[in-house]
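**Q** need the 3D shape of this:
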Amino acid sequence: MPVWPPRQFGDVLSQPYLSEAPRDVFRTALAALVAGQRLELVYASRTSGEETTRVVSPQRLTSYRESWYLDAWCHLRNGLRSFAVECIRGIALVEADRDVMDDAELNRHFQAAYGIFA
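**A** Residues are numbered from 1 along each chain as shown. Predicted coordinates for the structure are as follows:
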């Protein structure tokens, strides 16, 4: 299961498992990870369709069950959240450094959601 950012960047966008994810959202999220910047997202809830605007500190991009997720610290909710890339309706880089979480903390938090890091 791919997790981004990897130790070395290749041509991520040519990978076949990215075909369903919106490439512009993925590119911007990856750019924020590489540059160490925050993102502003317009995110649509999968259940209600309601859109919220949030500023997040991206931590990594995760491919799970044929979907991509942006794992991030959400400054609106003050906690770690996982955002389905296909539900991101708008995305922009923010001129502020992202908060970086420890990998072990990320794995502990997301292992219940993904069930893969234990």
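**Q** contacts and neighbour counts: CA atoms only from here.
**A** OK.
**Q** so where does the residue nearest the centre of the chain fall, helix or strand?
**A** Geometric centre of the chain, nearest residue: Leu70, 1.3 Å, by C-alpha atoms, centre = their mean. Secondary structure assignment for Leu70, by DSSP states H and E: strand 67-74.
**Q** and that strand, average pLDDT?
**A** Mean pLDDT, strand 67-74: 94.
**Q** mind listing what's buried in that strand?
**A** When neighbours are counted by 16 or more other C-alpha atoms under 10 Å, the buried residues of strand 67-74 are found to be 68-74.
**Q** quick one, helices of the protein?
**A** Under the criterion DSSP state H, the chain carries helices at the ranges 23-35, 103-114.
**Q** got the buried residues for the first one?
**A** Taking 16+ other C-alpha under 10 Å as the neighbour-count basis, helix 23-35 is seen to contain the buried residues 25-26, 29-30, 32-33.
**Q** equivalent analysis for the last one, please.
**A** Neighbour counts over helix 103-114 (16+ other C-alpha under 10 Å) mark 106-107, 110 as buried.
**Q** mind giving me the packing neighbours of the longest strand along the chain?
**A** The residue-count maximum for a strand in the chain (DSSP state E) belongs to strand 51-64. In terms of contacts (3 or more C-alpha pairs under 8 Å, 6 or more residues apart in numbering; DSSP states H and E), strand 51-64 is packed against strand 3-4, helix 23-35, strand 37-44, strand 67-74.
**Q** what lines up beside it in the sheet?
**A** With DSSP bridges as the test, strand 51-64 is paired with strand 3-4 (antiparallel), strand 37-44 (antiparallel), strand 67-74 (antiparallel).
**Q** residues in contact with that strand?
**A** With contact meaning C-alpha atoms under 8 Å, 6 or more residues apart in numbering, strand 51-64 is reached by 1-5, 29-30, 32-33, 37-45, 68-76, 98-101, 114.
**Q** just the angle for that strand relative to helix 103-114, thanks.
**A** 90 degrees (axes from the mean of the first three to the mean of the last three C-alpha atoms, to 10 degrees).
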